[in-house]
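Colleague: Could you look at this predicted model? Sequence included:
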There are 2 protein chains.
Amino acid sequence: MQLLKDRILRDGQLFPGNILKVDSFLNHQVDVDLLCEIGKEFRRIYSDCEINKILTIEASGIGIACIAAQFFSCPVVFAKKSKSINISNDFYQSDVKSYTHGNINHVIVSKDFIGSGDKVLVIDDFLAHGCALRGLVDIITGAGAELVGCGIVIEKGFQHGGDELREKGIRVESLAIVESMNPKTGEIIFR
Amino acid sequence: MQLLKDRILRDGQLFPGNILKVDSFLNHQVDVDLLCEIGKEFRRIYSDCEINKILTIEASGIGIACIAAQFFSCPVVFAKKSKSINISNDFYQSDVKSYTHGNINHVIVSKDFIGSGDKVLVIDDFLAHGCALRGLVDIITGAGAELVGCGIVIEKGFQHGGDELREKGIRVESLAIVESMNPKTGEIIFR
């Protein structure tokens, strides 16, 4: 998606440790007009898939998912992160390791809001090692719902989470895939 | 807002401890059509205020703020919750006590995204004791920005956070104010 790539090149900031900061338009301050174009693009890509639910994970996926859901005319469910293991039988649960923070989050979705018969699109802002996405995929599978595919705004291709998911036969559509980036020169190369 | 009150009466669930669960349409599963009507209503209420930024707090405020921002044609900034005190000078910070979880969150907003000249509308899903809202107000004041007002989806009137803010001269507009609720009978009375 050229509009997005241009924006990353213009406003993205690189830092050591493979950090690409896009918090001026995506995950701290949010450019809602850009989100609208992103939502339309996800809709175009998944136009013939009869998606009836969008699943994302708190926090920064929520805005993207809600704006996109307007174009799918379907509800959003956002998975919640919990420090403690949820012993209730009312939730689907998956453990998600965070490379950024070095901890494990227990990710939960109420059984009331996902189940067999659901055709689910997963939306998230970033895909790097793929831990969060695998957690959401586990929850969808555990619920007996159908995973139609994933819509990612920015994929860090060099961290291979996306490729691993694709090798498993999961449809992963990323609007911008960063193949390499160099914090010294500021250079970002897209796949 | 009658549409919202009707929805709360239909789908809200009451539990002991003053808990009103609306997670089937507002803060776990999200009815984006309803959010759209909520966004239009905030716009109607604050139509002549030249708002140029919407501030909310992760997680469940984000979807509401992003949908509403479409009607204000302005960006959203969402404050982040942090377990640790942020020692960086790059952030405005405020401490927010959570009555629900019994802990203190350090709430931060980058200095890049709020400052003097900004006319800010605060949007959040719930207002009870008002701790989160006071934190956001502190950040706006600390940034030298102008707080135009607050737009709240559901205010628990009997917990008085809203009234305390109004007594300080802050404009707080809540689309539904629950005056009392009874988990035994399921009765909800709006102000």
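Modeller: Received the coordinates, thanks. Numbering: from 1, shown residues only, chains lettered A, B, ... in the order given.
Colleague: alpha carbons only for contacts and neighbour counts from here, please
Modeller: Noted.
Colleague: what's near enough to touch the most centrally placed residue in chain A?
Modeller: Nearest to the geometric centre of chain A sits A:Asp124, at 1.7 Å (CA atoms, centre = their mean). With contact set as CA atoms under 8 Å, 6 or more residues apart in numbering or on different chains, A:Asp124 has these partners: A:56-57, A:60-62, A:64-65, A:151-153.
Colleague: beta partners of it?
Modeller: When bridges are called by DSSP bridges, A:Asp124 pairs up with A:Ile152.
Colleague: For it, give its distance to A:Leu136.
Modeller: 10 Å (CA to CA, to the nearest Å).
Colleague: Mind listing the shared neighbours of those two?
Modeller: Joint contacts of A:Asp124 and A:Leu136 (CA under 8 Å, 6+ apart) are A:56-57.
Colleague: Endpoint to endpoint, stretch A:173-191 covers what distance?
Modeller: Using CA to CA, the end-to-end distance of stretch A:173-191 comes to 13 Å.
Colleague: State the mean pLDDT of that stretch.
Modeller: For stretch A:173-191, mean pLDDT rounds to 96.
Colleague: So for whichever strand or helix holds A:Cys36, what gets flagged as buried?
Modeller: For A:Cys36, the host element (DSSP states H and E) is helix A:32-45. For helix A:32-45, burial by neighbour count (16 or more other CA atoms under 10 Å in any protein chain shown) applies to A:32-43.
Colleague: Please apply the same query to stretch A:50-65.
Modeller: Buried residues in stretch A:50-65, counted by 16+ other CA under 10 Å: A:51-65.
Colleague: Could you list the low-confidence segments of chain A?
Modeller: A:84-87, A:100 (pLDDT under 70).
Colleague: List, one by one, the residues from chain A near chain B.
Modeller: A:24, A:28-33, A:58-60, A:62-63, A:66-67, A:69-70, A:73-80, A:113 (CA under 8 Å from any CA of the partner chain).
Colleague: And the residues you listed, which of them are buried?
Modeller: So, by 16+ other CA under 10 Å, the buried ones in the residues of chain A next to chain B are A:24, A:28-33, A:58-60, A:62-63, A:66-67, A:69-70, A:74-80, A:113.
Colleague: circling back: looking at the contacts of A:Asp124, which are in helices?
Modeller: Under the assignment DSSP state H, the contacts of A:Asp124 contribute A:61-62, A:64-65 to helices.
Colleague: can you pull out the helices in chain A?
Modeller: Taking DSSP H to define them, one finds helices in chain A at A:2-11, A:32-45, A:61-72, A:131-142, A:161-167.
Colleague: Minimum distance to B:Asn182: which of those has it?
Modeller: B:Asn182 lies closest, by CA to CA, to one member of the helices of chain A: helix A:61-72, at 31.4 Å.
Colleague: same for the closest one, what does it pack against?
Modeller: helix A:32-45, strand A:53-57, strand A:76-82, strand A:119-127, helix B:32-45, helix B:61-72 (3 or more CA pairs under 8 Å, 6 or more residues apart in numbering or on different chains; DSSP states H and E).
Colleague: Nearest to B:Arg171, out of these?
Modeller: helix B:32-45 (11.0 Å).
Colleague: so that closest one versus strand A:76-82, what angle?
Modeller: Computed by axes from the mean of the first three to the mean of the last three CA atoms, to 10 degrees, the angle separating helix B:32-45 from strand A:76-82 equals 90 degrees.
Colleague: can you give me how far helix B:32-45 is from the chain middle?
Modeller: Mean-position distance between helix B:32-45 and its chain equals 14 Å (CA atoms, centre = their mean, to the nearest Å).
Colleague: is it up against chain A anywhere?
Modeller: Yes - counting by CA under 8 Å from any CA, chain A is contacted by helix B:32-45 at B:32-33.
Colleague: Quick one: work out the angle between that helix and helix B:61-72.
Modeller: Angle between the axes of helix B:32-45 and helix B:61-72 is 50 degrees (criterion: the same axes, to 10 degrees).
Colleague: What is helix B:32-45 packed up against?
Modeller: Secondary-structure packing of helix B:32-45 (3+ CA pairs under 8 Å, 6+ apart): helix A:61-72, helix B:61-72.
Colleague: hmm, who's touching the first one?
Modeller: What it means is helix A:61-72. With contact meaning CA under 8 Å, 6+ apart, helix A:61-72 is reached by A:35-36, A:38-40, A:42-43, A:51-52, A:54-56, A:75-76, A:78, A:123-125, B:30, B:32-33, B:59-60, B:62-63, B:66-67.
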